[in-house]
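Peer 1: attaching a predicted model along with its sequence, questions to come.
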Amino acid sequence: MNFKRRFQVFVLIALLVSTFGSGQVVSASSPAAVPQDPIVINRNLNIWDATFIGYVSSVIHEKWRLELTEAHTFEVKANTAAGDLVPLLILQDANGVEVTRGTGSFVTSQPTGTFYVQVQPDSGAGFYFMTLRDVVSTGPSVSTVVAPTSVNVGEVALVTVTLNNVPAEGYTSAEFTCNFDASLVSVGTPVVTNLFGADPAVAINTPQPGTLIVAVAGSNGNKAVTSGAVFTFSVTALQAGETAIECTVRVSQGNNTLTSLPSTGMNLTVNGSGPTATSTPAPGETATPTSQPGETATPTSQPGETATPTTQPGETATPTTQPGETATPTFTSTPAESATPTASSTPAESPTPTSTFTPESSPTPTASPDGTLTGQVIAGKQVIVTLFSGNVAVTSVNANPDGTFSLVAPAGNYTVIATASGFLSAQGSANILPGNTTTKPTITLLAGDIDGNNVIDQFDALTIGINYNTAAPAAADLNNDSVINVLDLELLAQNYRDTGPTNWE
């Protein structure tokens with residue numbers, strides 16, 4: 001079988017030699033003195049884990065079209081079959097912009113779209129066997145793609161972060177932590193896609209140089225149910241070097257648990273030393289205009305003049321008569337008047353208003369029989385239930401851990417309000433009858449109103465982003481687990497754009 005296989009390969013190579021031989025004759029018809037651009041032959045890659053055969057030389061290159069219907073991490077590898085060829089593989093995007101390259105092989109992660117693998121000689125010429133192998137794990141993962149992979153100082157590359165092989169049940173939220181060398185690149189503000197549905201809740205945090213956290217949660221029941229790009233951000237090259245850029249991820253399926261997924265990243269090469277050269281003259285110039293420190297020695301005339309106009313302190317020494325004089329009027333003004341009016345105003349009037357406040361509290365219908373108000377308010381935090389008569393709080397009670405409550409108040413009509421830190425309040429009416437128990441219907445408070453303005457919006461999500469991975473403020477810790485993160489954002493997202501107070505009737 002081995003001999004037969006070798007013979008088949010030999011015949012195939014022979015056929016290719018005859019085909020490309022004719023192509024070389026055509027190119028040879030051009031005048032030898034005039035350099036010619038290589039002929040690029042377009043071909044298609046359409047089978048994973050397959051081997052393709054080609055031929056390249058200084059005058060013939062091949063470009064293989066690759067269509068990705070979903071994100072993939074894949075390997076392209078070329079081995080020389082005949083000749084002295086050292087193959088160079090260049091991956092290009094749909095616009096022909098280089099994404100990555102490798103001598104003999106490369107491994108890359110790419111989102112959906114059209115790509116091209118161009119094969120050309122790094123040196124020599126000859127036949128090659130090229131393999132296209134999908135190396136994405138069968139399970140969910142995240143990939144970080146940088147395009148282009150090589151820029152000059154001052155230029156910008158785009159980073160795309162993609163969730164791969166998203167399960168059918170989907171993800172309600174995801175927390176991405178991206179790392180890079182902050183001395184080589186700076187990052188722009190992330191732009192989130194609609195993978196988690198329209199109008200997702202987003203929290204962004206940069207806890208330290210070289211780290212970017214992006215948390216995304218689907219709002220109002222939306223979730224990520226397909227693979228694709230979650231967000232992009234730009235990186236601007238600061239100085240020459242090479243940095244790895246990789247975003248890891250923890251995902252939630254709505255069960256208050258975060259699960260880490262495998263991740264792959266890419267390297268970005270920065271060429272040139274622009275900022276280094278630019279920053280050198282500045283200190284150089286500072287060395288010359290360091291005349292300011294020099295002048296500070298001479299035109300420290302300001303301090304020098306301060307020494308002369310320090311006549312103020314000098315004069316203060318003479319008109320220190322002011323302190324001397326102040327000593328006399330101090331006694332005249334302060335004790336003379338304050339002693340008398342203090343006694344007449346404070347004790348004389350305070351007993352009178354005291355008697356005035358007593359009748360105000362007496363209107364409380366203490367004489368009337370009391371009634372009881374009960375109910376249950378569900379939230380992830382301590383709930384406070386308060387009865388109001390008009391704008392005056394009559395009484396309040398802390399609900400039990402399960403949200404149940406019972407409070408006693410004089411019979412009458414009231415407004416009852418339930419509140420919890422970080423939640424929209426609930427408000428309704430309560431008619432308490434003498435000697436009877438009135439029960440309000442069970443109600444669930446909506447999480448996410450962190451700033452307490454009765455609106456759940458991007459400003460509440462911003463508070464989560466600013467305080468990410470901390471425990472304060474307590475209002476942002478919506479699930480009450482002592483850490484502010486994407487799980488709190490997920491709870492907020494469930495009620496995104498809702499307003500309060502919630503009607504409690």
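Peer 2: All right, it came through fine.
Peer 1: contacts only, for Lys63.
Peer 2: 40-43, 92, 116-119 (C-beta atoms under 8 Å, 6 or more residues apart in numbering). C-betas here are computed from N, CA, C, even on glycine.
Peer 1: just the residues you listed now: which is nearest Val397?
Peer 2: Ranked by distance to Val397 (C-beta to C-beta), the contacts of Lys63 are led by Gln92 at 68.6 Å.
Peer 1: nearest residue to that closest one in space, please, no chain neighbours.
Peer 2: In space, and not counting its chain neighbours, Gln92 is closest to Tyr116: 4.5 Å by C-beta to C-beta, 6 or more residues apart in numbering.
Peer 1: okay, how far is it across stretch 207-226, tip to tip?
Peer 2: In stretch 207-226, first residue to last residue: 30 Å (C-alpha to C-alpha, to the nearest Å).
Peer 1: meant to ask about stretch 79-88, not that
Peer 2: With C-alpha to C-alpha as the measure, stretch 79-88 spans 10 Å from end to end.
Peer 1: domain parsing for this protein?
Peer 2: Domains of the chain are assigned by automatic domain parsing as 2-28+36-134, 141-275, 369-505.
Peer 1: a markdown table please, covering those domains and showing mean pLDDT.
Peer 2: Compiled in a markdown table, the domains of the chain are given as follows (pLDDT from 0 to 100):
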| stretch | mean pLDDT |
| --- | --- |
| domain 2-28+36-134 | 80 |
| domain 141-275 | 94 |
| domain 369-505 | 96 |
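Peer 1: most neighbours, which of the contacts of Lys63?
Peer 2: Counting neighbours by other C-beta atoms under 10 Å, the top entry in the contacts of Lys63 is Val119, with 24 neighbours.
Peer 1: other SSEs contacting the helix or strand hosting that residue?
Peer 2: Using DSSP states H and E, Val119 sits within strand 113-123. Here strand 113-123 touches strand 50-56, strand 60-68, strand 86-92, strand 126-134, going by 3 or more C-beta pairs under 8 Å, 6 or more residues apart in numbering; DSSP states H and E.
Peer 1: for the contacts of Lys63, which two are the farthest from each other?
Peer 2: Ile41 and Gln92 (14.9 Å).
Peer 1: give me the contact list for the host helix or strand of Ala430.
Peer 2: In the assignment (DSSP H and E), Ala430 maps to strand 426-432. The set of residues external to strand 426-432 that reach it, using C-beta under 8 Å, 6+ apart, is 370-373, 377, 387, 409-418, 438, 440, 443, 445, 500-505.
Peer 1: so what are the sheet partners of that strand and their directions?
Peer 2: strand 412-419 (antiparallel), strand 502-503 (parallel) (DSSP bridges).
Peer 1: present those as a markdown table; the columns should include mean neighbour count and distance to Leu85.
Peer 2: Formatted as a markdown table, those follow (neighbours: other C-beta atoms under 10 Å; distance: least, C-beta to C-beta, whole Å):
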| stretch | mean neighbour count | distance to Leu85 |
| --- | --- | --- |
| strand 412-419 | 20 | 75 |
| strand 502-503 | 14 | 72 |
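Peer 1: out of the ones you listed, which comes closest to Thr51?
Peer 2: Closest among the strands paired with strand 426-432, using C-beta to C-beta: strand 502-503, at 63.7 Å.
Peer 1: which other residues reach that closest one?
Peer 2: Strand 502-503 is contacted from outside by 424-428, 443, 445-446, using C-beta under 8 Å, 6+ apart.
Peer 1: rerun at 7 Å
Peer 2: Residues outside strand 502-503 that contact it (C-beta atoms under 7 Å, 6 or more residues apart in numbering) are 424, 426, 428, 443, 446.
Peer 1: just stretch 463-481 next, same as before
Peer 2: Taking C-beta under 7 Å, 6+ apart as the rule, stretch 463-481 contacts 203-205, 207, 213, 256, 380-381, 421-422, 447-448, 450-451, 482-485, 487-489, 491-492.
Peer 1: end-to-end on that stretch?
Peer 2: 17 Å.
Peer 1: stretch 75-92 now?
Peer 2: 14 Å.
Peer 1: that stretch: which residues count as buried?
Peer 2: Neighbour counts over stretch 75-92 (16 or more other C-beta atoms under 10 Å) mark 76-78, 80-81, 85-92 as buried.
Peer 1: how many residues are close by Leu184?
Peer 2: Look at Leu184: counted by other C-beta under 10 Å, it has 20 neighbours.
Peer 1: which residues touch it?
Peer 2: 237-239, 241, 243, 270 are the contacts of Leu184 under C-beta under 7 Å, 6+ apart.
Peer 1: next, it: phi, psi?
Peer 2: Main-chain dihedrals, Leu184, degrees, to the nearest 10: phi -100, psi -30.
Peer 1: ok so, going back, dump the contacts of Leu184 to a markdown table, plus secondary structure and distance to Gly126.
Peer 2: Supplementary listing: the contacts of Leu184 in a markdown table, determined by DSSP: H, G, I helix; E, B strand; the rest coil; distance: C-beta to C-beta, whole Å:
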| residue | secondary structure | distance to Gly126 |
| --- | --- | --- |
| Ala237 | strand | 37 |
| Leu238 | coil | 42 |
| Gln239 | coil | 40 |
| Gly241 | strand | 36 |
| Thr243 | strand | 36 |
| Val270 | strand | 34 |
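Peer 1: out of those, which comes closest to Asp49?
Peer 2: Nearest to Asp49 among the contacts of Leu184, with distances taken as C-beta to C-beta, is Thr243, at 32.0 Å.
Peer 1: now distance to Ala50 too, for the buried residues of stretch 75-92, in TSV please.
Peer 2: TSV is the format used below for those (distance: C-beta to C-beta, whole Å):
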residue	distance to Ala50
Val76	12
Lys77	12
Ala78	13
Thr80	18
Ala81	15
Leu85	20
Val86	23
Pro87	17
Leu88	21
Leu89	16
Ile90	20
Leu91	17
Gln92	20
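Peer 1: can you pick out the most distant pair from these?
Peer 2: Ala81 and Gln92 (23.7 Å).
Peer 1: quick revisit: quick one: buried ones out of the contacts of strand 502-503?
Peer 2: So, by 16+ other C-beta under 10 Å, the buried ones in the contacts of strand 502-503 are 424, 426, 428, 443, 446.
Peer 1: and Ile213, what does it touch?
Peer 2: 175-177, 204-205, 207, 468.
Peer 1: that one belongs to a strand?
Peer 2: Yes: assessed by DSSP: H, G, I helix; E, B strand; the rest coil, Ile213 belongs to a strand.
Peer 1: state the distance from it to Ala461.
Peer 2: Distance, Ile213 to Ala461, by C-beta to C-beta, to the nearest Å: 13 Å.
Peer 1: one more: Glu246?
Peer 2: From Glu246 to Ala461 the distance is 25 Å (C-beta to C-beta).
Peer 1: and the gap between Gly371 and Gly390?
Peer 2: From Gly371 to Gly390 the distance is 18 Å (C-beta to C-beta).
Peer 1: between these two, which is the more surrounded one?
Peer 2: The neighbour count for Gly371 versus Gly390, taken as other C-beta under 10 Å, is higher for Gly371 (20 against 8).
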